[in-house]
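Q: sequence and computational prediction follow.
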Amino acid sequence: MVMDSSYKILTISEIREEAPGVKTYSFDEDAENKISYLAGQYVTLVRQTAAGEARRSYSITSSPVLQEPLTIGVKRIQNGIFSRQLIDYAQPGDQVYTTGAAGLFTLPLVTTAYQHILFCAAGSGITPIYSLLKTILHAHPHLSVTLLYSNHSPEETIFKKNLDLLVQQFPEQLRIEFLFSNNANLSRARLHKALVHTYLHQCSAG
Ligand SMILES: Cc1cc2nc3c(=O)[nH]c(=O)nc-3n(C[C@H](O)[C@H](O)[C@H](O)COP(=O)(O)OP(=O)(O)OC[C@H]3O[C@@H](n4cnc5c(N)ncnc54)[C@H](O)[C@@H]3O)c2cc1C
């Protein structure tokens, strides 16, 4: 397999199951292959397949302001080339190639003009928001955060335990509304316009 020498090489250090079919991959980076990134960005991984080079992007779930290894969260897609290979076969010690980090879903460079941020996420869409949340809570204490997070059930909610811990750790700064589509109370079953309006109103009221 011949790979472009400009790619960086990451070694998988740990794999953790977050929810059915969803795993977090932590990476070891040596100085030469260090990835510099902003919260909310993604890395693009590259793999040679029989049909040529395949590239897929995965949001970074670690926070650049914490002393934690680079991590991504991957959801297994049925018949997917890349996600199935990672979820079904990748092991600690395996190496992956990346073009590095990119993406514009990041915090404003200066946050002092802002007081409250409202995030809406569903399913694996939580991955970049998890990094942004941790970054805000640890590095921007003047910002309050509300997260509306929609999933099928608590068991299938990615990072549920860690998010609950963040609420305990930052009770004044963070509020999370979990929405489960198996909820008998339909007004709290899915993300919908009226609910988003309600929370937007609450956020702008302080
Ligand atoms: C900015 C960005 C960030 C992302 N972040 C994340 C993340 O944090 N976590 C995450 O899990 N994913 C993320 N993704 C999605 C990820 O990049 C991949 O798209 C995803 O993992 C699926 O890739 P795959 O190779 O497994 O599936 P693919 O092989 O690309 O297949 C995807 C689907 O298309 C179908 N398909 C493929 N070829 C055909 C065809 N010819 N005809 C009909 N159907 C076909 C497959 O059956 C499958 O259901 C992100 C994407 C972007 C752009």
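A: It's in. Numbering: from 1, shown residues only.
Q: in three-state terms, label the residue nearest the centre of the chain for me.
A: For the chain, the residue sitting closest to the mean C-alpha position, by C-alpha atoms, centre = their mean, is Thr127 at 1.6 Å. Secondary structure assignment for Thr127 (DSSP: H, G, I helix; E, B strand; the rest coil): helix.
Q: quick one: pLDDT of the residue in the chain that the ligand sits nearest to?
A: Nearest to the ligand, among the residues of the chain, is Gly80, at 2.1 Å (C-beta to the nearest ligand atom). All C-beta atoms are positioned from the backbone trio N, CA, C, and that covers glycine. On the pLDDT scale, Gly80 is placed at 95.
Q: burial count for it?
A: 14 (other C-beta atoms under 10 Å).
Q: any idea how far it is from Leu166?
A: Distance of Gly80 to Leu166, given as C-beta to C-beta, to the nearest Å: 30 Å.
Q: and what of His152?
A: Distance of His152 to Leu166, given as C-beta to C-beta: 22 Å.
Q: of the two, who's got more company?
A: Relative neighbour count places Leu166 above the other of His152 and Leu166, with 21 against 15, counting by other C-beta under 10 Å.
Q: in which helix or strand does the more buried one reside?
A: Counting by DSSP states H and E, the element that carries Leu166 is helix 160-169.
Q: you'd agree the residue nearest to the centre of the chain is up against Ser57?
A: No - the pair formed by Thr127 and Ser57 falls short of the contact definition of C-beta atoms under 8 Å, at 10.5 Å.
Q: partners of the lengthiest strand in the chain, with directions?
A: For the chain, the longest strand by residue count, based on DSSP state E, is strand 8-19. Counting by DSSP bridges, the strands paired with strand 8-19 are strand 22-28 (antiparallel), strand 95-102 (antiparallel).
Q: off-centre distance for that strand?
A: Offset of strand 8-19 from its chain centre (C-alpha atoms, centre = their mean, to the nearest Å): 14 Å.
Q: buried residues, it. List them.
A: For strand 8-19, burial by neighbour count (16 or more other C-beta atoms under 10 Å) applies to Lys8, Leu10, Ile12, Ile15, Glu18, Ala19.
Q: cool, and stretch 44-60?
A: By neighbour count on 16+ other C-beta under 10 Å, the buried set for stretch 44-60 is Thr44, Leu45, Val46, Arg47, Arg56, Ser57, Tyr58, Ser59, Ile60.
Q: close to the ligand, is that stretch?
A: Yes - remark: stretch 44-60 sits within contact range of the ligand at Arg56, Ser57, Tyr58, Ser59, by C-beta under 6 Å from any ligand atom.
Q: the second one against Gln41, yeah?
A: To tie it back to what came earlier, the one meant is Ser57. No - Ser57 is beyond contact range of Gln41, at 9.6 Å (criterion: C-beta under 8 Å).
Q: re earlier: now do the helix holding Leu166 against strand 22-28, angle only.
A: On the basis of axes from the mean of the first three to the mean of the last three C-alpha atoms, to 10 degrees, helix 160-169 is oriented at 70 degrees to strand 22-28.
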